[in-house]
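J.: sequence below, structure please.
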Amino acid sequence: MRKHLRKFLPDHEAIRANRWLAPFGNTLLHPRLWHLNRHSAAGAVAAGMFCGLIPGPFQMLGAAICAVIFRVNLPLALFTTLYTNPFTIVPLYFLAYGLGRLALGGADGEFVAPPDWGPEGMLAWVRALMDWMAHLGKPLALGLVLLASLLAATGYLLARVAWRYYLVWAWRQRRLRRNAASGG
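T.: As a prediction, the model looks like this:
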(Lines give C-alpha, C1' and ligand atoms only; values in the text may rest on other atoms or scores of the structure.)
Protein backbone atom coordinates (compact mmCIF):
# COMPACT_ATOMS: atom_id res chain seq x y z
CA MET A 1 0.00 0.00 0.00
CA ARG A 2 2.91 2.28 0.77
CA LYS A 3 4.11 1.90 -2.82
CA HIS A 4 0.75 3.11 -4.17
CA LEU A 5 0.55 6.11 -1.85
CA ARG A 6 4.17 7.27 -2.28
CA LYS A 7 3.64 8.46 -5.85
CA PHE A 8 1.32 11.19 -4.53
CA LEU A 9 3.62 12.42 -1.75
CA PRO A 10 6.24 15.18 -2.21
CA ASP A 11 9.81 14.31 -1.34
CA HIS A 12 12.04 15.95 1.29
CA GLU A 13 13.97 17.97 -1.24
CA ALA A 14 10.82 19.67 -2.53
CA ILE A 15 10.03 20.80 1.01
CA ARG A 16 13.62 21.83 1.73
CA ALA A 17 13.79 23.88 -1.50
CA ASN A 18 10.52 25.76 -0.84
CA ARG A 19 11.41 29.24 0.41
CA TRP A 20 8.12 29.64 2.31
CA LEU A 21 8.67 26.46 4.28
CA ALA A 22 12.39 26.98 4.95
CA PRO A 23 11.88 28.59 8.42
CA PHE A 24 9.99 25.48 9.52
CA GLY A 25 12.50 23.08 7.98
CA ASN A 26 13.60 21.37 11.19
CA THR A 27 10.01 20.69 12.20
CA LEU A 28 8.59 19.82 8.79
CA LEU A 29 11.46 17.54 7.81
CA HIS A 30 11.11 15.27 10.83
CA PRO A 31 11.23 11.73 9.39
CA ARG A 32 8.05 10.56 11.13
CA LEU A 33 6.02 13.25 9.33
CA TRP A 34 6.92 11.66 5.99
CA HIS A 35 7.15 7.99 6.93
CA LEU A 36 4.22 5.91 5.74
CA ASN A 37 3.20 2.87 7.73
CA ARG A 38 -0.08 1.65 9.19
CA HIS A 39 0.36 3.67 12.38
CA SER A 40 1.24 6.98 10.72
CA ALA A 41 -1.39 6.52 8.01
CA ALA A 42 -4.18 5.75 10.47
CA GLY A 43 -3.16 8.65 12.69
CA ALA A 44 -3.01 10.98 9.71
CA VAL A 45 -6.49 9.93 8.59
CA ALA A 46 -7.79 10.55 12.11
CA ALA A 47 -6.14 13.99 12.28
CA GLY A 48 -7.47 14.94 8.86
CA MET A 49 -10.98 13.73 9.64
CA PHE A 50 -11.03 15.62 12.93
CA CYS A 51 -9.65 18.85 11.47
CA GLY A 52 -11.81 18.64 8.36
CA LEU A 53 -14.73 20.09 10.32
CA ILE A 54 -12.84 23.21 11.39
CA PRO A 55 -14.70 26.14 9.83
CA GLY A 56 -13.21 28.16 7.04
CA PRO A 57 -9.78 27.85 5.51
CA PHE A 58 -8.07 26.65 8.69
CA GLN A 59 -8.65 22.92 8.17
CA MET A 60 -5.28 22.18 6.62
CA LEU A 61 -3.46 24.34 9.16
CA GLY A 62 -5.15 22.40 11.95
CA ALA A 63 -4.29 19.08 10.29
CA ALA A 64 -0.67 20.17 9.85
CA ILE A 65 -0.43 21.17 13.51
CA CYS A 66 -1.96 17.85 14.59
CA ALA A 67 0.42 15.93 12.31
CA VAL A 68 3.41 17.72 13.82
CA ILE A 69 2.20 17.21 17.40
CA PHE A 70 1.28 13.53 16.97
CA ARG A 71 4.10 12.79 14.48
CA VAL A 72 1.85 11.22 11.83
CA ASN A 73 2.09 11.44 8.06
CA LEU A 74 1.72 15.12 7.14
CA PRO A 75 0.66 14.90 3.46
CA LEU A 76 -1.98 12.28 4.21
CA ALA A 77 -3.39 14.36 7.08
CA LEU A 78 -3.65 17.39 4.76
CA PHE A 79 -5.22 15.34 1.99
CA THR A 80 -7.80 13.79 4.30
CA THR A 81 -9.27 17.19 5.20
CA LEU A 82 -10.59 17.42 1.64
CA TYR A 83 -13.63 15.31 2.52
CA THR A 84 -15.26 18.61 3.41
CA ASN A 85 -16.05 20.77 0.43
CA PRO A 86 -18.90 23.07 -0.66
CA PHE A 87 -21.09 20.03 -1.36
CA THR A 88 -20.53 18.17 1.92
CA ILE A 89 -20.06 20.93 4.50
CA VAL A 90 -23.74 21.85 4.90
CA PRO A 91 -24.92 18.25 5.43
CA LEU A 92 -22.04 17.64 7.84
CA TYR A 93 -22.83 20.78 9.83
CA PHE A 94 -26.52 19.83 9.84
CA LEU A 95 -25.56 16.41 11.20
CA ALA A 96 -23.27 18.03 13.79
CA TYR A 97 -26.08 20.35 14.87
CA GLY A 98 -28.41 17.36 15.24
CA LEU A 99 -25.82 15.47 17.28
CA GLY A 100 -25.34 18.50 19.49
CA ARG A 101 -29.07 18.88 20.03
CA LEU A 102 -29.34 15.19 20.84
CA ALA A 103 -26.44 15.37 23.32
CA LEU A 104 -27.94 18.45 24.99
CA GLY A 105 -31.33 16.82 25.34
CA GLY A 106 -33.09 18.38 22.33
CA ALA A 107 -32.35 22.09 22.77
CA ASP A 108 -34.72 24.34 20.85
CA GLY A 109 -33.84 26.05 17.61
CA GLU A 110 -33.76 25.36 13.92
CA PHE A 111 -30.83 24.86 11.64
CA VAL A 112 -29.99 27.80 9.38
CA ALA A 113 -27.69 27.30 6.39
CA PRO A 114 -24.22 28.87 6.65
CA PRO A 115 -23.59 32.17 4.88
CA ASP A 116 -22.66 32.13 1.22
CA TRP A 117 -19.43 33.58 -0.08
CA GLY A 118 -20.39 37.08 -1.16
CA PRO A 119 -18.83 39.84 -3.20
CA GLU A 120 -17.68 41.57 0.01
CA GLY A 121 -14.68 39.25 0.30
CA MET A 122 -13.21 36.81 2.73
CA LEU A 123 -13.18 39.03 5.82
CA ALA A 124 -16.91 39.76 5.54
CA TRP A 125 -17.60 36.07 4.96
CA VAL A 126 -15.58 35.06 8.04
CA ARG A 127 -17.50 37.62 10.12
CA ALA A 128 -20.81 36.30 8.77
CA LEU A 129 -19.67 32.74 9.50
CA MET A 130 -18.79 33.64 13.09
CA ASP A 131 -22.19 35.33 13.55
CA TRP A 132 -23.87 32.25 12.09
CA MET A 133 -22.00 29.96 14.46
CA ALA A 134 -22.75 32.18 17.46
CA HIS A 135 -26.45 32.06 16.55
CA LEU A 136 -26.44 28.27 16.52
CA GLY A 137 -24.54 28.21 19.79
CA LYS A 138 -23.98 25.23 21.98
CA PRO A 139 -25.65 22.51 19.88
CA LEU A 140 -23.43 23.21 16.88
CA ALA A 141 -20.23 23.61 18.89
CA LEU A 142 -20.78 20.41 20.85
CA GLY A 143 -22.02 18.59 17.75
CA LEU A 144 -18.92 19.58 15.76
CA VAL A 145 -16.62 18.20 18.45
CA LEU A 146 -18.68 15.01 18.75
CA LEU A 147 -18.90 14.48 14.98
CA ALA A 148 -15.22 15.27 14.46
CA SER A 149 -14.28 12.79 17.20
CA LEU A 150 -16.58 10.14 15.75
CA LEU A 151 -15.23 10.65 12.24
CA ALA A 152 -11.63 10.60 13.50
CA ALA A 153 -12.14 7.35 15.42
CA THR A 154 -13.95 5.75 12.48
CA GLY A 155 -11.29 6.92 10.02
CA TYR A 156 -8.53 5.60 12.27
CA LEU A 157 -10.15 2.18 12.58
CA LEU A 158 -10.99 1.95 8.88
CA ALA A 159 -7.45 2.90 7.89
CA ARG A 160 -6.03 0.23 10.21
CA VAL A 161 -8.45 -2.39 8.88
CA ALA A 162 -7.80 -1.42 5.24
CA TRP A 163 -4.05 -1.54 5.75
CA ARG A 164 -4.31 -4.95 7.45
CA TYR A 165 -6.60 -6.27 4.70
CA TYR A 166 -4.15 -5.10 2.06
CA LEU A 167 -1.23 -6.79 3.87
CA VAL A 168 -3.08 -10.10 4.16
CA TRP A 169 -4.05 -9.90 0.50
CA ALA A 170 -0.44 -9.14 -0.52
CA TRP A 171 0.88 -12.04 1.59
CA ARG A 172 -1.59 -14.42 -0.05
CA GLN A 173 -0.66 -13.21 -3.51
CA ARG A 174 3.01 -13.65 -2.73
CA ARG A 175 2.38 -17.18 -1.42
CA LEU A 176 0.38 -18.06 -4.54
CA ARG A 177 3.18 -16.78 -6.79
CA ARG A 178 5.74 -18.72 -4.77
CA ASN A 179 3.69 -21.91 -4.96
CA ALA A 180 3.14 -21.48 -8.69
CA ALA A 181 6.88 -20.90 -9.26
CA SER A 182 7.84 -23.98 -7.25
CA GLY A 183 5.24 -26.10 -9.02
CA GLY A 184 3.30 -26.62 -5.79
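J.: tell me how far Ala128 lies from Lys138.
T.: Distance of Ala128 to Lys138, given as CB to CB, to the nearest Å: 20 Å. For glycine as for every other residue, the C-beta is placed from the backbone atoms N, C-alpha and C.
J.: the two - which one has more neighbours?
T.: A side-by-side neighbour count of Ala128 and Lys138, using other CB atoms under 10 Å, places Ala128 first with 16 against 13.
J.: quick check: closest non-adjacent residue to the more buried one.
T.: Pro115 (3.8 Å; CB to CB, 6 or more residues apart in numbering).
J.: equivalent analysis for Asp131, please.
T.: Closest to Asp131 by CB to CB, 6+ apart is Pro115, at 7.9 Å.
J.: next, Pro114: secondary structure please.
T.: coil (DSSP: H, G, I helix; E, B strand; the rest coil).
J.: same question for stretch 85-103, mean pLDDT?
T.: For stretch 85-103, the mean per-residue pLDDT is 90.
J.: check stretch 172-184 too.
T.: In this model, stretch 172-184 has an average pLDDT of 88.
J.: dump the residue contacts of the residue nearest the centre of the chain.
T.: With distances taken as CA atoms, centre = their mean, the residue of the chain nearest its centroid is Gly48 (1.5 Å). By CB atoms under 8 Å, 6 or more residues apart in numbering, the contact list for Gly48 reads 63, 76-81, 83, 155.
J.: for this protein, what's the longest helix?
T.: Using DSSP state H to assign secondary structure, the helix with the most residues in the chain is helix 122-182.
J.: packing partners of it?
T.: Helices and strands touching helix 122-182, by 3 or more CB pairs under 8 Å, 6 or more residues apart in numbering; DSSP states H and E, are helix 38-51, helix 89-103.
J.: hmm, the residue nearest to Ala128 is touching Met133, no?
T.: No - with contacts defined as CB atoms under 8 Å, Pro115 does not count as touching Met133, sitting 10.0 Å away.
J.: and Arg174, how far is that from Leu136?
T.: Per CB to CB, Arg174 is found 53 Å from Leu136.
J.: compare those two and say which is more crowded by neighbours.
T.: Leu136 (22 against 10).
J.: name the nearest residue to that one, ignoring sequence neighbours.
T.: Tyr97 (6.3 Å).
J.: wait, the one you found touches His135, no?
T.: No - Tyr97 lies out of contact with His135 (CB under 8 Å); the separation is 11.2 Å.
J.: tell me which of those two has more neighbours.
T.: Tyr97 (24 against 10).
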